[in-house]
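K.L.:
return atomic coordinates for the entry below.
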Amino acid sequence: MPGHNTEILIVDDSPTIRATIAKYLGDEYITHNAVDGEEGWEMLQMNECISLVFCDIHMPVMNGMLLLQKIRESNRERIANIPVIMITGHDDTEAAKKATHNIGATDFISKPFDKIDILSRARSYTSLNKQINELEKKAAFDTLTGLYSNRMLLDFGNKTLSFAERHNMAASILFVEVADTQDLLDKHGRKTTDTIISTVAGALENSLRKEELVSHVEGGKFAIVLPSTKAFKAHIVATRLKQTVENLVFNINSIEFHISLAIGLCSIQGHGTAGKLAFEEYCVQAAHALATSLETPNKRITRYDETYEKKVDDEKNTNTSSAPIVTDFVDKKHDPDSVENDQDSKEVDGDYLANILAGDYNTIPAEILPTLIEPLENFLEYARDTVKNGKKEASSE
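P.N.:
Below is the predicted model of the structure:
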């Protein structure tokens, strides 16, 4: 049957009207009854499967017009968009019907009504509502990767940003790109490149927590929103993602190869509403950091840092453009792009790490210590998580 398992709510203070509508719909639909608007509202909030409402205009406690208004003003999209058919009587004036229509009534049905009146409306609006929900569901996902679309990214990102600002919490955004995507296209064609991108998409999705969202932006580019995540934790996530993807082995024409992953990072450190940016602007910052990452050796993870930029601008007393920071851990002695004998460049130099491991703490210059704190915190958290997860896996075997 066309409406099998579709649920409909009947809100009317008349037992006779409720019983009649339920009888007409009973063979095709699952029906629920409410004696007034207040009870109907509670049922709508509790039952996410209700896809259509029949509602009388005149009822005690909360009348139909008030219920309709609450439905249309709901901040829950499912409730706000549900079709509502208003039941009218001989005493209802055209002005009352017009007012109800202006609030957002989907349709009207007048007493007395017959089975055809009820069924035709139920079939039409439940079918339409189902089609709209299916289209919205399809629109929420990218066809190539199965990940969330850009529309869902913006919606989730704005909600994450609002929550972070409201509760003075952190959040981070990663822009991730398969390096040399155009080169892959030129060498291997669209089909193979799409397969690589889809494989990367699956690896990214499987490496994230349920509360985190990854979206396919375009081509080999992805965006990831990390709620309640500070910059140093986001860097750990980025490092893990980069390692996971770059460990993938692709085989084309019996030739095995790996791909590189570039990552740009932007963090919202929970400074309240003062000077806040829109989510799209933070995305621009993450994309800018990604562009820098693509230009660095080994596609190092790059962090967009406003505090650093301001410091540089103040020191130079110039209006420089935004400059992301490369935050990957490398041995500068073997990096051709590094500057020899640069004190700041040794913040991640292997010499200092060797001194730390040897316990020679007093040999490390005091001015360098602040720059070592965050990298070491990153490492310690990563190490603890890895050991903890390893113990869990061992105990489950």
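K.L.:
show me where pLDDT drops low in the stretch 251-397 of the chain?
P.N.:
For the stretch 251-397 of the chain, the stretches with pLDDT under 70 are 269-276, 305-354, 357-359, 366-368, 370-372, 374-375, 377-378, 381, 389-397.
K.L.:
let's see that with 90 instead.
P.N.:
251-257, 267-285, 288, 292, 295-397 (pLDDT under 90).
K.L.:
pLDDT score assigned to residue 210?
P.N.:
Per-residue confidence (pLDDT) for residue 210: 83.
K.L.:
pull out the buried residues from the helix or strand hosting residue 293.
P.N.:
Element membership of residue 293 [criterion: DSSP states H and E] is helix 279-295. The neighbour-count check on helix 279-295 (16 or more other CB atoms under 10 Å) flags 279, 282-290, 292-294 as buried. For glycine as for every other residue, the C-beta is placed from the backbone atoms N, C-alpha and C.
K.L.:
what about the stretch 101-250 of the chain, any weak spots by pLDDT?
P.N.:
Residues of the stretch 101-250 of the chain that meet the cut-off, pLDDT under 90, sit at 101-170, 180-192, 209-213, 215-219, 227-236.
K.L.:
change it to 80
P.N.:
Where the stretch 101-250 of the chain drops to pLDDT under 80, the residues are 126-146, 148-151, 165-168.
K.L.:
contact partners for residue 50?
P.N.:
7-9, 32, 43-44, 82 (CB atoms under 8 Å, 6 or more residues apart in numbering).
K.L.:
where's residue 355 relative to residue 382, distance?
P.N.:
With distances taken as CB to CB, to the nearest Å, residue 355 is found 21 Å from residue 382.
K.L.:
could you do residue 56 as well?
P.N.:
Distance from residue 56 to residue 382, by CB to CB: 61 Å.
K.L.:
looking at these two, which is more packed in?
P.N.:
Per other CB atoms under 10 Å, whichever of residue 56 and residue 382 has more neighbours is residue 56, with 23 against 16.
K.L.:
show me the contacts for that one.
P.N.:
Residue 56 neighbours (CB under 8 Å, 6+ apart): 11-14, 17, 64, 86-87.
K.L.:
can you pull out the helices in the chain?
P.N.:
With DSSP state H as the criterion, the chain has helices at 15-25, 37-46, 64-72, 77-80, 94-103, 115-139, 150-166, 181-206, 231-246, 279-295, 306-316, 350-358, 369-396.
K.L.:
can the ones you listed go into JSON lines with extra columns for distance to residue 264?
P.N.:
Putting these into JSON lines (distance: least, CB to CB, whole Å) gives the following:
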{"stretch": "helix 15-25", "distance to residue 264": "54"}
{"stretch": "helix 37-46", "distance to residue 264": "41"}
{"stretch": "helix 64-72", "distance to residue 264": "41"}
{"stretch": "helix 77-80", "distance to residue 264": "31"}
{"stretch": "helix 94-103", "distance to residue 264": "47"}
{"stretch": "helix 115-139", "distance to residue 264": "27"}
{"stretch": "helix 150-166", "distance to residue 264": "15"}
{"stretch": "helix 181-206", "distance to residue 264": "14"}
{"stretch": "helix 231-246", "distance to residue 264": "9"}
{"stretch": "helix 279-295", "distance to residue 264": "3"}
{"stretch": "helix 306-316", "distance to residue 264": "14"}
{"stretch": "helix 350-358", "distance to residue 264": "26"}
{"stretch": "helix 369-396", "distance to residue 264": "17"}
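K.L.:
tell me the contacts of residue 159?
P.N.:
Neighbour list for residue 159: empty [criterion: CB under 8 Å, 6+ apart].
K.L.:
whoops, I mixed them up, residue 121
P.N.:
Applying CB under 8 Å, 6+ apart, the residues contacting residue 121 are 85, 107, 109.
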